[in-house]
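Enquirer: curious how this folds, go ahead:
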Amino acid sequence: MLSVKVLITRYVSDDPQPGIVECELHDAHGRRWCFLEKTAIVSANDLNAKTIYPQPGKIAGEIVERHREATGREIIRFDTERPWGVESIEGVTQFEILPDSLVEL
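Expert: Numbers count the residues shown, from 1 in each chain. Got it, this is the predicted structure:
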């Protein structure tokens with residue numbers, strides 16, 4: 001399964017368990033997207049309020065499209081809706097990212 005790299009910036013809440021963290025994703029165009037998500041969705045580590053942040057994280061999803069810009073740079077449209085219904089705080093699930101942002105989950 002593929003995932004996109006995110007940066008876990010802070011611990012938000014213990015409720016619901018195992019906790020909620022804030023994450024950010026920087027897309028291919030330099031835009032910062034913010035997510036509030038359960039710790040278990042974005043990290044295999046045991047994150048809590050005492051953890052030192054930022055921490056690396058991942059959000060699973062699937063490639064919707066690949067294309068090249070006029071400059072030759074490859075852009076990937078990545079959708080985080082499946083498998084866990086992850087969306088940005090704005091409700092967005094598709095993001096244009098660079099290939100080096102992808103990792104195997």
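Enquirer: only C-alpha atoms from now on, for both contacts and neighbour counts.
Expert: Noted.
Enquirer: what residues of stretch 69-81 count as buried?
Expert: Residues of stretch 69-81 classed as buried by neighbour count (16 or more other CA atoms under 10 Å): Ile75, Ile76, Arg77, Phe78, Asp79, Thr80, Glu81.
Enquirer: gap between the most far-flung residue of the chain relative to its centre and Ile8?
Expert: Relative to the centre of the chain, and counting by CA atoms, centre = their mean, the farthest-placed residue is Ala70 at 26.4 Å. Using CA to CA, to the nearest Å, Ala70 is found at 32 Å from Ile8.
Enquirer: and for Val42?
Expert: 8 Å.
Enquirer: any shared contact partners between those two?
Expert: Jointly contacting Val42 and Ile8 under the rule CA atoms under 8 Å, 6 or more residues apart in numbering are Gly57.
Enquirer: if we can go back for a sec, among the buried residues of stretch 69-81, which are in strands?
Expert: Judged by DSSP state E, the subset of the buried residues of stretch 69-81 located in strands is Ile75, Ile76, Arg77, Phe78, Asp79.
Enquirer: still on that earlier bit, can I assume the residue farthest from the centre of the chain sits in a strand?
Expert: No: secondary structure of Ala70 (DSSP: H, G, I helix; E, B strand; the rest coil): coil, not part of a strand.
Enquirer: ok, it to Val86 distance?
Expert: Using CA to CA, Ala70 is found at 31 Å from Val86.
Enquirer: go through the worst-scoring helix or strand of the chain on mean pLDDT and flag the buried ones.
Expert: In the chain, no helix or strand scores lower on mean pLDDT, DSSP states H and E than strand 102-104, which sits at a mean of 94. For strand 102-104, a neighbour-count test (16+ other CA under 10 Å) marks Leu102 as buried.
Enquirer: which residues are contacting that strand?
Expert: Met1, Leu2, Ser3, Val4, Lys5.
Enquirer: so among the residues you listed, which ones count as buried?
Expert: For the contacts of strand 102-104, a burial check counting by 16+ other CA under 10 Å picks out Ser3, Val4, Lys5.
Enquirer: bridging residues for the second one?
Expert: Just to be clear, that refers to Val4. Listed beta-bridge partners, Val4: Ile59, Leu102 (assigned using DSSP bridges).
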